[in-house]
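Peer 1: the sequence isn't on hand, but the structure is:
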Ligand SMILES: C[S@@+](CC[C@H](N)C(=O)[O-])C[C@H]1O[C@@H](n2cnc3c(N)ncnc32)[C@H](O)[C@@H]1O
C-alpha cells in the first residue's frame, strides 16, 4: 500500500474529509521531516511510513476536539501537532512555539515550503511569551501541572488547554492545582496500537 493510500485510509477512519491538496501537503511535510531529520535529529521516528500514523494521524486525531480561534502549540518541536492541524484547518490561526533554535528553523522552513499563511513560528521559551490565544495545545510537552505553571500567564479564564498524552495520566490529574478542571478524551489513532488521550483543562472561573 502506498503512503498516500495509508494516509487516506487513516483519514477515512478518523472521519476527516481533507482534499487532495491537503493530503499532498501532509505528505510533503512528512518528506521534509525525513530530509531534515537526517542532519538535525528532529524526531526519534525515522521510518517515513511510520511517521504517517505516529506524527500525521496522531496529530489529526484531536481535530474533533479543536475549537475555532487562535491556537498556540507549545513545544511544537518539529511542528507537531501544529503543522498537520494548520494544513487541515487553513482558516484557523496557529502559533507554533519552541525554545529550540534548530526545530524552530525547520518549522519556519516547512511553513514557507507549504505556503501555510495561517502559521506563525515563534522561537522562544514559553515563559517569555505573552500573547493569550483562545486555545493552547501541546503534545509530549511536560507533566500537566508543569505545563500549566509555564503557560499560566497566557491562560485567560476562557482559554482551553489541550494536552495530548501517550501515557496514563491519573497521577498528573491528581497533581493539578486546586480548582482546575480536566476532562480526558480517548483518542483512537489509525495504525497505532497504543492508547492515546487528550486532556482538556480549564482554569478556575
Ligand atoms: C518531547 S518534545 C515534543 C515535540 C512535539 N510536540 C512532538 O510531539 O513531537 C518537547 C519540545 O518542547 C520544547 N520545550 C521544552 N520546554 C520548553 C519551553 N519552556 N518553552 C518552549 N519550548 C519548550 C523542546 O524544545 C521540545 O522541542
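Peer 2: Here it is on my side, so go on. The structure presented is a predicted model; accordingly, all values stated were derived computationally and were not measured. Numbering: from 1, shown residues only.
Peer 1: which stretch of helix or strand covers residue 31?
Peer 2: helix 20-40 (DSSP states H and E).
Peer 1: same check, this time on residue 122
Peer 2: Residue-wise, residue 122 maps onto strand 119-123 under DSSP H and E.
Peer 1: any idea what sits nearest the residue nearest the centre of the chain, other than its immediate chain neighbours?
Peer 2: For the chain, the residue nearest the mean C-alpha position is residue 81 (1.9 Å; Cα atoms, centre = their mean). Among residues not flanking residue 81 along the chain, residue 59 sits closest, at 3.3 Å (Cβ to Cβ, 6 or more residues apart in numbering). For the C-beta atoms, the positions are set from N, CA and C on the backbone; glycine is no exception.
Peer 1: what about the one you found, helix or strand, and which?
Peer 2: Assigned by DSSP H and E, residue 59 falls in helix 58-60.
Peer 1: and that helix, does that touch the ligand?
Peer 2: No - using Cβ under 6 Å from any ligand atom, we find that helix 58-60 stays clear of the ligand, coming within 8.1 Å at best.
Peer 1: one step back: tell me the helix or strand right after the helix holding residue 31.
Peer 2: Helix 20-40 is succeeded, C-terminally, by helix 48-51 (DSSP H and E).
Peer 1: that next one packs against which elements?
Peer 2: Helices and strands touching helix 48-51, by 3 or more Cβ pairs under 8 Å, 6 or more residues apart in numbering; DSSP states H and E, are helix 3-13, helix 20-40.
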